[in-house]
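Visitor: compute the structure for the input listed below.
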Amino acid sequence: MIEPVAKQNRKLSYYIFEKIPGVIFFALIIFFLIGGLVAPEATAYAIIILNVFFLYKSGMLAATFFLAFLKIRQSESVEWRERIIALEDRDTALQTIEKNIEELKKKSPNGHMLHKNKFLNKLLYRLEKYKSLRFLEREYKQISNVQIYSDWRSLQHIVIIPHVKEPEHILRATLENLRNQKFPKEQLNIVLASEARDPDGLPMSQRLAAEYSQHFNNIWVSNHILTDEEVVGKSSNMKAAGKVAYAKVLELGWDLKKTLITSCDADSKLPDEYFAYVSYKFATREDAEYKIYNGALVFHNNIWRLPFYARVKNSMSTIYNVSRLIRTDKLIPFSTYTTSFWLIKEIGFWTPWVTPEDFHLFFKAQFKFGSLVSTVPIFLRIQSDAAEGKGHLDTIRNNYNQERRWSWGISDDGWVLQNLFHGIGKYDFVVFYRGLHSVFDHVISPVMGLMLVAGGNIPTLINPTFNTTVLGAQLPYISSTIITLSLGFMIIVIITDFLFKPRREGRRIIGIILSAIEWLFLPIASFVLAVLPGLEANTRILFGRYLEYYVTKKH
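Guide: Below is the predicted model of the structure:
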């Protein structure tokens, strides 16, 4: 692996690889614009291919979002602590489930009033009975199929909460949420990671640590002082906090392979079964210490408080975060995730001079250990606040800057490409697949967004004579037809999102109608708050105008 280095120590080869994604991005844009003049037919076919790819992506999004929605609903019905306890005495647990199944099969609707109408009562009871039987059968199958099992009670969880200029009530709410976890508190440890540039950060951490000390096994405080070679951001803070936690782990004599570390944003609300679920997955895997465990980050905390355009944009961000859990072949951890402290130590902790800390951590581990490293989906909702502001202009600015920060993952693409180039013949196919796929997504997403606005009309607008040919005359029709077909998939996404979101307060029918109408503004909201930030990120990386870490402002 080529180790990442601070900006002042980078060689020319790093900058050459760094420019490749930006060069490809602008080459595609220029091709679609100038191609209509010099090679209109080739441009037309390229636009059709791009539209077909968009249709494929729309269908894939609809399918993966719906499947992930079902898996999350199923996982949320599981008592994960009970399931992991059951593994300690598997035979007794299986016998209990068998007994419950037999008793449930013998039950009748008599005495169970689910509806006043007798026919509907029987129908609803049979439906509930069927769902309960399916659940018990899945439980039986899950427990009986586990081949590897290690003692989950020997695990220790360390949760690092980096914060800078966060209101105290945000951190307090996060700690309250962790306090309510359905997991033994003697296995939960917290690190409140403040930044020295925030004068209120350390005193607030110390105050909260004293207040909540009785609710956790340990609660530690770190205060990150930025050095000259580091960049402002989560990654440098995580390394400082990780070093503090590492010293404590050595002092306590814990096994690094049985110590799990969670990166938790200050406003992320982990579901109460999160640590039980992750512990179950960890305890039932042979290669658990090489894996990174990632849940579905959803921006639902304040979703109904947002203006309609920000709600649509953040709904799409949630949909993407949820749907990506299905594609484990290319799943890269995002925002809030858990992994073994042993893996963190082996790769040299977080890199303090990069911005996309989650993206970089994953590939840093993969370039060291190859295909052993992958992301395990956790089908639970991690609630977070969507970006908002005081007034429309501030809300638009905050959402734009947040999306630009996410798009800044492109800043690591050169390093990824450099490692892949030097790893030819060394890494497995899946390492190249994940690396190239992530670079491809960073480049193609804004290109596709820009071209979808007027892609089918570009060749004929630039070259009117091309409109007299059969292909030129048919191109706008072909392009619009393909885009129209994708609307069918979008309807599936919108319906699934309606079932997935928390219910809107107030008049239900009017709320449903308004929620449906909002989606008509998706093209504009996506263009302004998703495509343009991606365009800026690609432009910045090409011309060396590096982006500083932007802390998303939330109410």
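Visitor: what number of residues lie near His437?
Guide: Residues lying near His437 (other CB atoms under 10 Å) number 14. Using the backbone N, CA and C atoms, a C-beta is placed for each residue, glycine as well.
Visitor: contact partners for it?
Guide: Lys330 (CB atoms under 8 Å, 6 or more residues apart in numbering).
Visitor: and the next helix or strand past the host helix or strand of it?
Guide: Assigned by DSSP states H and E, His437 falls within helix 429-454. Heading C-terminal from helix 429-454, the first helix or strand you meet, by DSSP H and E, is helix 458-462.
Visitor: quick one: mean pLDDT for the helix or strand hosting Val322?
Guide: In the assignment (DSSP H and E), Val322 maps to helix 308-323. Across helix 308-323, pLDDT averages out at 95.
Visitor: Asp413 touches Ile20, doesn't it?
Guide: Yes - shown here, Asp413 and Ile20 form a contact pair, counting by CB atoms under 8 Å, at 7.5 Å.
Visitor: which of those two has more neighbours?
Guide: Applying other CB under 10 Å to Asp413 and Ile20 shows that Asp413 carries more neighbours, namely 29 against 17.
Visitor: for whatever helix or strand that one lives in, name the packing helices and strands.
Guide: Using DSSP H and E, Asp413 maps to helix 413-422. With contacts taken as 3 or more CB pairs under 8 Å, 6 or more residues apart in numbering; DSSP states H and E, helix 413-422 sits against helix 12-38, helix 357-369, helix 429-454.
Visitor: distance between the first one and the chain's centre?
Guide: A distance of 28 Å separates the C-alpha centroid of helix 12-38 from that of its chain, computed with CA atoms, centre = their mean, to the nearest Å.
Visitor: cool, the second one as well?
Guide: Its chain's average C-alpha position is 16 Å from that of helix 357-369, according to CA atoms, centre = their mean.
Visitor: if we can go back for a sec, between the helix holding Asp413 and helix 357-369, how big is the angle?
Guide: 10 degrees (axes from the mean of the first three to the mean of the last three CA atoms, to 10 degrees).
Visitor: is it true that Lys19 touches Gly414?
Guide: Yes - Lys19 lies in contact with Gly414 (CB under 8 Å); the separation is 7.1 Å.
Visitor: common neighbours of those two, please.
Guide: Ile541.
Visitor: other SSEs contacting the helix or strand hosting Ile396?
Guide: Per DSSP H and E: Ile396 is located in helix 392-407. Helix 392-407 is packed against helix 308-323, helix 532-543, with contacts defined by 3+ CB pairs under 8 Å, 6+ apart.
Visitor: return the most buried member of those.
Guide: Each of those was scored by mean neighbour count; the highest is helix 308-323, a mean of 22, by mean count of other CB atoms under 10 Å.
Visitor: for this structure, which segments count as strands?
Guide: Under the criterion DSSP state E, the chain contains strands at 156-162, 188-195, 218-224, 259-263, 291-298, 337-340, 374-383.
Visitor: okay if I get these as CSV plus mean pLDDT?
Guide: CSV is the format used below for these (pLDDT from 0 to 100):
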stretch, mean pLDDT
strand 156-162, 97
strand 188-195, 97
strand 218-224, 97
strand 259-263, 97
strand 291-298, 97
strand 337-340, 98
strand 374-383, 96
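Visitor: which one of these lies nearest to Gly534?
Guide: strand 291-298 (19.0 Å; CB to CB).
Visitor: the closest one: how far from the chain's middle?
Guide: The answer for strand 291-298 is 6 Å, by CA atoms, centre = their mean.
Visitor: outside of that strand, which residues touch it?
Guide: The contact list for strand 291-298 (CB under 8 Å, 6+ apart) reads 68, 72, 268, 270-271, 274, 278, 281-282, 285, 318, 321-322, 325, 331, 333-340, 343, 361-362, 365, 373-384, 500.
Visitor: same thing with stretch 344-353?
Guide: Here stretch 344-353 has contacts from 3-7, 227, 229-231, 235-236, 238-240, 242-243, 246, 256, 261, 357, 360-361, 364-365, 368-369, using CB under 8 Å, 6+ apart.
Visitor: need the contact list for Gly511.
Guide: Each residue near Gly511 by CB under 8 Å, 6+ apart is listed here: Arg504.
Visitor: pLDDT at it, what is it?
Guide: 72.
Visitor: same check on the one 4 residues further on?
Guide: Note on Ser515: pLDDT of 82.
Visitor: test my guess that it contacts Ile495.
Guide: No - the criterion here is CB under 8 Å, and Ser515 misses it with Ile495 at 10.8 Å.
Visitor: please name the nearest non-neighbouring residue to Ser371.
Guide: Once flanking residues are discounted, Ser371 sits nearest to Asp428: 4.2 Å by CB to CB, 6 or more residues apart in numbering.
Visitor: for the residue nearest to Pro502 when sequence neighbours are not counted, what are its contacts?
Guide: In space, not counting the residues next to it along the chain, Pro502 is nearest to His300; the distance is 5.6 Å by CB to CB, 6+ apart. Taking CB under 8 Å, 6+ apart, we find His300 in contact with Thr318, Arg381, Gln383, Ser384, Lys501, Pro502.
Visitor: buried subset of those residues as a ChimeraX selection?
Guide: Of those, the buried ones go into a single ChimeraX selection, burial set by 16 or more other CB atoms under 10 Å:
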select :318,381,383,384,501
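Visitor: using TSV, lay out the contacts of His300 together with distance to Pro352.
Guide: Listed next are the contacts of His300 as TSV, based on distance: CB to CB, whole Å:
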residue	distance to Pro352
Thr318	30
Arg381	31
Gln383	29
Ser384	24
Lys501	37
Pro502	37
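Visitor: from the contacts of His300, which single one is nearest Thr469?
Guide: Among these, and counting by CB to CB, the member closest to Thr469 is Thr318, at 43.8 Å.
Visitor: wait, what's in contact with the closest one?
Guide: Taking CB under 8 Å, 6+ apart as the test, what Thr318 contacts is Leu297, Val298, Phe299, His300, Asp497, Phe500.
Visitor: which of these lies closest to Ile509?
Guide: Looking across the contacts of Thr318 and measuring by CB to CB, the closest to Ile509 is Asp497, at 18.0 Å.
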